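Q: Sequence plus predicted model, see below.
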Amino acid sequence: MIEEDCWAVVALLGVEIVVVVWWAGKYRRKRCEEHVQKEHELKQTVSKLEKELDEARNKCAQLAAYLENRKKQQSLMQQVGHA
C-alpha cells in the first residue's frame with residue numbers, strides 16, 4: 001500500500017525513471033553484497049571440509065599402519081609357535 005502510494009507520488013513528480021534506476025542500483029548493490037557474503041561462507045565451508053578430509057585421511061593412514069603392525073606381530077607369533 002505504501003509502496004503503491006510512493007510510486008504514485010513519484011509518477012506525479014515526473015521522476016519515476018530516476019527513482020527506478022536509483023532503486024535498481026541499490027538492489028543490485030545489496031544482491032552483490034549478499035553474493036560476496038555467500039561466497040565467503042562457502043569458502044569457509046570448503047576450507048572446513050578440506051581440513052576434516054585431511055584429518056580423516058590421517059586417521060585412516062594411522063589405522064592402516066596400526067593394523068599392518070598387528071598383522072606382522074600375529075604372523076611372527078604364529079611362526080614362533082610353530083618353530
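A: It's in.
Q: packing partners for the longest helix seen in the chain?
A: If you go by DSSP state H, the chain has its longest helix at helix 16-82. The contact analysis (3 or more CB pairs under 8 Å, 6 or more residues apart in numbering; DSSP states H and E) places helix 16-82 against helix 2-13. (Glycine included, C-beta is placed from N, CA and C.)
Q: Report the mean confidence score over the longest helix of the chain.
A: Averaging pLDDT along helix 16-82 gives 86.
Q: what number of residues lie near E39?
A: E39 is flanked by 10 other residues according to other CB atoms under 10 Å.
Q: no no, C60
A: That count, for C60 with other CB under 10 Å as the rule, works out to 10.
Q: try K51
A: 10.
Q: so how far is R31 from it?
A: Separation of K51 from R31 (CB to CB, to the nearest Å): 30 Å.
Q: Also E50?
A: Counting by CB to CB, the gap from E50 to R31 is 28 Å.
Q: what does A61 give?
A: Distance from A61 to R31, by CB to CB: 45 Å.
Q: Also H40?
A: Going from H40 to R31 by CB to CB gives 15 Å.
Q: Return stretch 66-77 as CSV; C-alpha atoms alone will do.
A: C-alpha atoms of stretch 66-77 as CSV (Å, rounded to 0.1, in the frame of the first residue of the first chain):
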residue,chain,number,x,y,z
TYR,A,66,48.5,-50.0,13.2
LEU,A,67,46.6,-52.9,11.5
GLU,A,68,49.7,-53.7,9.4
ASN,A,69,51.9,-53.9,12.6
ARG,A,70,49.3,-56.1,14.3
LYS,A,71,49.2,-58.4,11.3
LYS,A,72,53.1,-58.7,11.3
GLN,A,73,53.1,-59.3,15.1
GLN,A,74,50.5,-62.1,14.8
SER,A,75,52.4,-63.6,11.9
LEU,A,76,55.6,-63.6,14.0
MET,A,77,53.8,-65.1,17.0
